[in-house]
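Visitor: Turn this into a model:
(one chain, ligands or ions: 1)
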Amino acid sequence: MLNVDISNIWGEYTLNDLLSLEKETFDAHKLLLDGKGPGSDYLGWMKLPVFEETEEMIRIRAAAKRIRESSDVFVVVGIGGSYLGPRAAIELVMGSNHNLRGKDPQIFFAGNNLSTRAWNELCALLEGKDFSVNIISKSGTTTEPAIATRALKWMLERKYGADEAKKRIFVTTDPEKGALRQMAAEEGYETFVIPPDVGGRYSVLTAVGLLPMAVAGMDITEVMFGAASARRDMEAFSFENPAWLYAAARNLLYRHGKKTELFCSYEPDFRFMGGWLQQLFGESEGKDGKGIYPFPLEFTADLHSMGQMIQQGERTIFETVLRFAPPRKKTMIESDWKNLDGLNYLEGKSLDFVEEQAFQGTLAAHTDGGVPVILVQNDEICDRTLGEMFYFFELSCGISAYMLGVNPFNQPGVEFYKRNMFQLLGKPGYTK
Ligand code: PA5
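Guide: Here you go, the predicted model:
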């Protein structure tokens, strides 16, 4: 079960300072639950985790079964909140090298950039392969996925003919609005829903995340079970609630000049989960001249690059370190009679023992160096712990953003680059 440990954050502030945030944390959580805060039209994510399998989940599992039977490759098209969640989930649970296993369909992601090289590479990878496509876009008008969709649709039609192509295109979008909904209706594609009251970065527990996860071979009922358990366990209006503790601790640190949060994990497969967290907190909190700057890091690799900065750079950072129970299958370090590498002192020790010492050593070094560390601990990585984590961070983010005094559910700043780009591209309706 997920728990938050704040015993390594103390500096010039004490437990009493954290406890003094109780009323604010209470108010922020209540605003969320009562739907009375800014952005309250987008609270649908709070109701998504349920213990019973929904109709939509049954349809998702059925579609995933068909896709797994008919496709070597599944191309997932989407960007931002329509991309990071599924990729984070699949890479964390199935491993970042899941495409090399040869057991499940390969999953490639497209429409999350405008790179010609990336597109050419995808085309080469699809050569001679049977594939299906999942187009994910709530608005249905986002440029990057729209360009990829047009091309992939054409590739499918050329390869399979119009009728078969239709059976290989799956659309995840708003139930009523948008160009994609209209396209799906006109062409007869199977569709899944992003509820209107669920914003992009809070949508991973809808078909946005669940269909790609199911195609990748994950058990989405377990993911939901984890999320529903977190929802049930994190209802408490007290610091017993890990989401309270985390939201309050990060606000306390922010108010004491800690303006950058490093999301650190010792699991390389956590990389895209770090990206998901970066979007969740970055887009939810970075507005009105406020916000903790989220930055994901991979330990121990990044200790050999960013370690210096963390240890002795500007003292404006804190860490949130994600810890998971090690896998049951141990890897042991063996003896070598020549001992040329001098590693025989580790003989008979397991790799996870060495990793634990690296973690403890780093924790002590960073806290000694003035970097507070919040620990978020959980059981072994699996579908259930993933679901638990998704809900925990979403809830914490909602509470934390309200404590910061911002609307956690909009992203007005994202439109600025788009307007300039559309002007430069000559999109109708965008004049200079
Ligand atoms: O969190 C968000 O709302 C954004 O990151 C969107 O998910 C992203 O811009 C993609 O939007 P859409 O799903 O409409 O294509």
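Visitor: my guess is Ile147 meets Leu114, correct?
Guide: Yes: Ile147 lies in contact with Leu114 (Cβ atoms under 8 Å); the separation is 7.4 Å. Backbone N, C-alpha and C define where each C-beta goes, glycine included.
Visitor: could you dump the strand or helix carrying Ile67 to CSV, C-alpha only?
Guide: Applying DSSP states H and E as the criterion places Ile67 in helix 55-70. These are the backbone C-alpha positions of helix 55-70, laid out as CSV (Å, rounded to 0.1, in the frame of the first residue of the first chain):
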residue,chain,number,x,y,z
GLU,A,55,-19.4,-1.3,-19.8
GLU,A,56,-16.6,0.8,-21.3
MET,A,57,-14.0,-1.4,-19.7
ILE,A,58,-15.7,-4.5,-21.1
ARG,A,59,-15.7,-2.9,-24.6
ILE,A,60,-12.0,-1.9,-24.2
ARG,A,61,-11.0,-5.5,-23.3
ALA,A,62,-13.0,-6.9,-26.2
ALA,A,63,-11.4,-4.4,-28.6
ALA,A,64,-7.9,-5.1,-27.2
LYS,A,65,-8.4,-8.8,-27.7
ARG,A,66,-9.3,-8.2,-31.4
ILE,A,67,-6.3,-5.9,-31.8
ARG,A,68,-3.9,-8.4,-30.2
GLU,A,69,-5.2,-11.1,-32.5
SER,A,70,-5.0,-9.1,-35.7
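Visitor: Can you give the distance of it from its chain's centre?
Guide: Taking Cα atoms, centre = their mean, to the nearest Å, the mean C-alpha location of helix 55-70 is offset from the chain mean by 22 Å.
Visitor: neighbours of the residue of the stretch 1-150 of the chain found nearest the ligand, just the number please.
Guide: Closest approach between the stretch 1-150 of the chain and the ligand, counting by Cβ to the nearest ligand atom: Gly80, at 2.4 Å. In terms of burial, Gly80 registers 20 neighbours under the definition other Cβ atoms under 10 Å.
Visitor: Tell me the span between the first and last residue of stretch 184-199.
Guide: By Cα to Cα, to the nearest Å, the extent of stretch 184-199 from end to end equals 21 Å.
Visitor: mean confidence score for it?
Guide: Per-residue pLDDT values over stretch 184-199 give a mean of 98.
Visitor: what's next to that stretch, contact-wise?
Guide: Applying Cβ atoms under 8 Å, 6 or more residues apart in numbering, the contact partners of stretch 184-199 are 41-45, 48, 56, 59-60, 63, 81-82, 136, 138, 166-167, 169-177, 181, 183, 203, 206-208, 211, 409.
Visitor: again, but for stretch 106-124
Guide: For stretch 106-124, the surrounding residues in contact (Cβ under 8 Å, 6+ apart) are 72-80, 83, 87, 90, 98-99, 125-126, 129, 135, 142-149, 151-152, 155, 212, 215-216.
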